[in-house]
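**Student:** The following block contains a protein sequence and its predicted model.
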Amino acid sequence: MITNETIVALSTPPGLGAIGVIRLSGKDAIAITNSVFSGKNLLAQASHTIHFGLIKDGDIVIDEVLVSLFVAPKSYTKENVVEISCHGSNYIIQQIINLLIRKGASAAKPGEFTLRAFLNGGLDLSQAEAVADLISSDSAAAHSVAMNQLRGGFSTELNVLREQLIHFASMIELELDFAEEDVEFANRGQLQELINKITLVLNKLIRSFELGNVIKMGINTVIAGRPNAGKSTLLNALLNEDRAIVSEIAGTTRDTIEEVLNINGINFRLIDTAGIREATDAIEVIGVEKTMQKISQSAVLVYLFDVVNISATEVRDDILSLHKPGIAFIAVANKMDLSYSDRLKELKLPSDISFISISAKEHQNIEDFKQLLYEIAVGDKLSDNHTMVTNIRHVEALEKTRAALNNVAEGLRNPVTSDFLAMDIKQALHYLGLITGVVSTDDLLENIFSKFCIGK
């Protein structure tokens, strides 16, 4: 899959800016750049040096630039890499790229620089995918998880498991060579212990995906309740800005409003919804339908009720209709600045529902509510500092590995011949290898790297 072509692309975001960085990678990257560079002879310069000069198309000066050299294998892609820092004019950038292509470079495909880093042994596949996660990280937690994976935390854990499995696979393969002598080189008891140990690790990694995925994507948090409960006021209070229209008229919010709130490094995707009630017109029908759809897709449901103008029976009825398994539920009594204490005593909420009273209008207990949101969604799950899975491809491979190991365990409980054990162990090794790229196909790589931005 590696070609001898030298590739080129803009590595900074397109659009006006102070500078643009154009990256080349390949055997001829330095030679091609040198052919259009007026300054020092780049072919004679050391790696990791920067040189000032001009990019010229014949006698025409395109721009004054800085050229950074990274001589193979001391580069991101393990090939010769050049980075040209020019002024951020779209015209200048395109002129330089077109000139480099005329001199022999080819336009890079999405993710091709990172693909070359993987194919040349600079990164394994899970680390390469972490590059994309790092670029798109928009919270401290997402950044931390991506950095851990990029630095090999996930890969190291998987490689230890593979090495242990490979040892037993080789012992069983050896048994097959001496099948006629009916000998066992692989201790079945130790193999069972290893399977139990690996399965515990796999279970931990698979369970971590639930939190890892929401850290990467943000936590869908729906604010639902009856009209005039104060949902839009609460959204504005959480964001500390007037994002949603607030009115005494019931049903002001007819469509969903979505904003991001960062709490302790975690992004909560807040969704303010239309009030839940019998719709009075076609538009409101759509609004209520959207509300119910958003509730079904949420990770956290905030049920907000007006403690003054709703009965305990109505609150319980709402909770029974909205409460769904797998969705964290917080009941929030709004307008605590008014009279509420007697009514709250009547609620008797289910034990798995968290409760807090606030005043969205007066900003009372808003910070406590934010902390409760965080505790419900994350709690102390980040404090263990363990490897976290954020990629659906990885968790699917881990589940298939676990299934293959279950087959090995079944073969040990109900003894089967060594060739069947070897087959199931090889299957487990195959699925583990898919994660780090020890096992890969062109289709898999194309699917992964096509989602990267061009220039990375």
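**Tutor:** Received it, and whenever you're ready, just let me know what you need.
**Student:** who's in contact with stretch 293-305?
**Tutor:** 214, 219-226, 229-231, 234, 256, 268, 271, 273, 314-315, 318-319, 322-324, 327-334, 360, 373, 376-377 (Cβ atoms under 8 Å, 6 or more residues apart in numbering). (Each C-beta comes from the backbone N, C-alpha and C, glycine too.)
**Student:** what's the spacing between it and its chain's center?
**Tutor:** A distance of 22 Å separates the centroid of the chain from that of stretch 293-305, by Cα atoms, centre = their mean, to the nearest Å.
**Student:** I'd like the mean pLDDT over it, please.
**Tutor:** Confidence over stretch 293-305 (mean pLDDT, whole number) is 83.
**Student:** How about stretch 68-85?
**Tutor:** pLDDT averaged over stretch 68-85 gives 96.
**Student:** Stretch 396-416: which residues count as buried?
**Tutor:** Within stretch 396-416, the residues scored as buried using 16 or more other Cβ atoms under 10 Å are 397-398, 400-402, 404-405, 407-408, 411.
**Student:** any idea which helix or strand carries residue 129?
**Tutor:** Residue 129 belongs to helix 125-136 when assigned by DSSP states H and E.
**Student:** Contacts for that helix next, please.
**Tutor:** Contacts of helix 125-136 (Cβ under 8 Å, 6+ apart): 111, 114-115, 117-118, 123, 142-143, 145-147, 149-152, 154-155, 158, 216, 390-391, 393-394, 435-437, 440, 445, 448-449, 451-453, 456.
**Student:** Now, of the residues you listed, which are buried?
**Tutor:** Buried by 16+ other Cβ under 10 Å: 111, 114-115, 117-118, 123, 142, 145-146, 149-150, 152, 154-155, 158, 216, 390-391, 393-394, 435-437, 440, 445, 448-449, 452-453, 456, out of the contacts of helix 125-136.
**Student:** So which of those are in helices?
**Tutor:** Among those, DSSP state H puts 114-115, 117-118, 142, 145-146, 149-150, 154-155, 158, 216, 393-394, 435-436, 445, 448-449 in helices.
**Student:** ok so, going back, return the member of the buried residues of stretch 396-416 nearest to residue 262.
**Tutor:** residue 398 (29.3 Å; Cβ to Cβ).
**Student:** Surely the closest one touches residue 201?
**Tutor:** No. Judged on Cβ atoms under 8 Å, residue 398 makes no contact with residue 201 at a distance of 9.4 Å.
**Student:** Low-confidence ranges, the stretch 51-200 of the chain, go.
**Tutor:** The model of the stretch 51-200 of the chain has pLDDT under 70 over residues 175-186.
**Student:** Let me see the ranges of the helices in it.
**Tutor:** Under the criterion DSSP state H, counting those that start in this stretch, the stretch 51-200 of the chain contains helices at 90-102, 112-119, 125-136, 140-150, 153-177, 188-217.
**Student:** highest average neighbour count across the ones you listed?
**Tutor:** Comparing these by mean neighbour count (mean count of other Cβ atoms under 10 Å), helix 112-119 ranks first with a mean of 24.
**Student:** hmm, who's touching that helix?
**Tutor:** Contacts of helix 112-119 (Cβ under 8 Å, 6+ apart): 1-2, 7, 9, 11, 23, 25, 76-79, 123-125, 127-128, 131-132, 437, 445, 449, 452, 455-456.
**Student:** That helix vs helix 125-136, what angle?
**Tutor:** Note on geometry: by axes from the mean of the first three to the mean of the last three Cα atoms, to 10 degrees, helix 112-119 and helix 125-136 are set 150 degrees apart in direction.
**Student:** how about stretch 354-361: buried residues?
**Tutor:** 354, 356-361.
**Student:** re the thing from before, tell me which of the helices of the stretch 51-200 of the chain sits nearest to residue 55.
**Tutor:** helix 90-102 (5.5 Å).
**Student:** Quick one: distance of that closest one to the chain centre.
**Tutor:** So, by Cα atoms, centre = their mean, the centroid of helix 90-102 is 33 Å from its chain's centroid.
**Student:** got the contact list for the residue at minimal distance from the centre of the chain?
**Tutor:** With distances taken as Cα atoms, centre = their mean, the residue of the chain nearest its centroid is residue 216 (3.6 Å). Contacts for residue 216 (Cβ under 8 Å, 6+ apart) come out as 133, 137, 142, 145-146, 390.
**Student:** And it, how close does it get to residue 370?
**Tutor:** Distance of residue 216 to residue 370, computed by Cβ to Cβ, to the nearest Å: 21 Å.
**Student:** Could you do residue 304 as well?
**Tutor:** 14 Å.
**Student:** Those two: which is more packed in?
**Tutor:** residue 304 (25 against 16; other Cβ atoms under 10 Å).
**Student:** mind checking pLDDT for the closest residue to that one other than its chain neighbours?
**Tutor:** Spatial nearest neighbour of residue 304, excluding adjacent residues (Cβ to Cβ, 6 or more residues apart in numbering): residue 225 at 4.0 Å. Residue 225 is assigned 87 on the pLDDT scale.
**Student:** circling back: dump the buried residues of stretch 396-416 to CSV, plus pLDDT.
**Tutor:** Output for the buried residues of stretch 396-416, formatted as CSV (pLDDT from 0 to 100):
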residue, pLDDT
397, 92
398, 93
400, 94
401, 93
402, 93
404, 93
405, 92
407, 91
408, 88
411, 84
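**Student:** what residues go with each domain of this structure?
**Tutor:** Following automatic domain parsing, one gets these domains for the chain: 7-123, 131-213+391-437, 218-377.
**Student:** would TSV of the helices of the stretch 51-200 of the chain with distance to residue 297 be doable?
**Tutor:** Listed next are these as TSV, based on distance: least, Cβ to Cβ, whole Å:
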stretch	distance to residue 297
helix 90-102	39
helix 112-119	32
helix 125-136	21
helix 140-150	20
helix 153-177	28
helix 188-217	12
